[in-house]
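J.: predicted model follows, preceded by the sequence.
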Amino acid sequence: MPIVDIRALRKSYGSNEVLKGIDLQVEPGEVIAIIGKSGSGKSTLLRCINGLEEFQAGELTVDGKPLLHKSAVAMRALRQRVGMIFQGFNLFPHLTVGKNIMLAPSLVKAKDTASGEAHARALLERVGLAEKFDAFADQLSGGQQQRVAIARALAMEPAVLLCDEITSALDPELVGEVLRVVETLAQEGMTLLMVTHEMNFARRVSNRVIFMHQGRVHEMGPPAELFGNPQTPELQQFLKSLHD
Ligand SMILES: Nc1ncnc2c1ncn2[C@@H]1O[C@H](COP(=O)(O)OP(=O)(O)OP(=O)(O)O)[C@@H](O)[C@H]1O
C-alpha cells in the first residue's frame, strides 16, 4: 500500500488553479525529488499532503487514511504521520535545542520529563548534534538549526517526511551537512518527498524525480532517465536554465 496516495488532486487559490490534477503514489521507503520552475506548484503539493492547504477536488490518503479537512480529529492524526521541514527552520530562538525538540507533541506527551529528555537526546544524536542539547537555538549555525528542525520532525516518528527547499536559506558551505543527514535518513528507509534545487543530490539519492510544470506532473522517472534523457521541451529547457 502506498504511504501517500494522491488521485486527481486539484487546488485553486481563487480563480488561479495551481494544481491541475495530480496523481502520485509514494511507496514506503521511496525518496522522491520534486523539481520545477518557481510557481509550478511544488510547495502547494507538499502543503496539501500535510494538510496545511485544503484542496477542491481529488483524493489524498496518507498511510491508508483519507485526508478529510472537515474532521479535526482526522487532521490531528494525519499531522502526526506527516513530518515537514521548511526553508526557514522555525525553531524558538531563545529556547535551548533540547527544549525545542521536547516541544514536539509526541515528547510533550512522554510519561515523564526524563523519558522525554532521553528521547530528545537520542534524536539529536541522529542528526549529529548530541553536544548541543543545552545550547540556545539562535547560537547555532543555519545548518545546525536545520538539523535540529529535522530532529524535531523525527520526534513524531512520521510515516513520511516532506522537505521544502530545506537548504535554500543556507550558506553554501552549510548545505552539505544538512543533505548528509537527509541522505542517512533515506538509507535508513525513511519515505521522503523533497522539493529541491540540489540537482546533484536529487540525481544521487532519489529513486524518482518529478518535474512539475504549470500545476501538473509533467515528467516523472528514475533520476538517470529524467536528467539523462529528458523527453519534453519544458524539462529540457528547465535543465538547461540551471546551467546558464
Ligand atoms: N497562499 C497563497 N495564496 C494565493 N496564491 C498562492 C498562495 N500560495 C501559492 N500561491 C500561488 O500558487 C502558485 C504555485 O505556488 P507554489 O509556491 O506552490 O510554487 P513553487 O513551485 O513551490 O514555487 P517556488 O519554487 O517559488 O517555491 C503560484 O502562482 C503562487 O503565486
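T.: Ah, there it is.

J.: just give the number of residues close to Asp25.
T.: One thing to correct before we go on: residue 25 is Gln, not Asp. Gln25: 13 surrounding residues under other CB atoms under 10 Å. To be clear about C-beta, it is placed using only N, CA and C from the backbone, and glycine gets the same treatment.

J.: if you could redo that for Ser38, that was the one I meant.
T.: Ser38 has 7 neighbours, counted by other CB under 10 Å.

J.: same deal with the one 3 residues further on?
T.: Here the count is done by other CB under 10 Å, and Gly41 has 23 residues near it.

J.: now it, nearest residue through space, not along the chain?
T.: Ranked by CB to CB, 6 or more residues apart in numbering and with sequence neighbours excluded, the top spatial neighbour of Gly41 is Gly215, at 4.5 Å.

J.: contacting residues around that neighbour?
T.: Glu17, Val18, Leu19, Lys20, Ser40, Gly41 (CB atoms under 8 Å, 6 or more residues apart in numbering).

J.: separation between it and Arg47?
T.: Separation of Gly215 from Arg47 (CB to CB, to the nearest Å): 14 Å.

J.: residue ranges with poor pLDDT in the chain?
T.: For the chain, the stretches flagged by pLDDT under 70 are 106, 108, 110-111.

J.: can you give me the strands in it?
T.: 4-13, 16-26, 31-36, 57-62, 65-66, 82-85, 160-164, 192-195, 208-213, 216-221 (DSSP state E).

J.: and of the ones you listed, who's closest to Val127?
T.: Among the strands of the chain, strand 82-85 comes nearest to Val127, with 11.3 Å by CB to CB.
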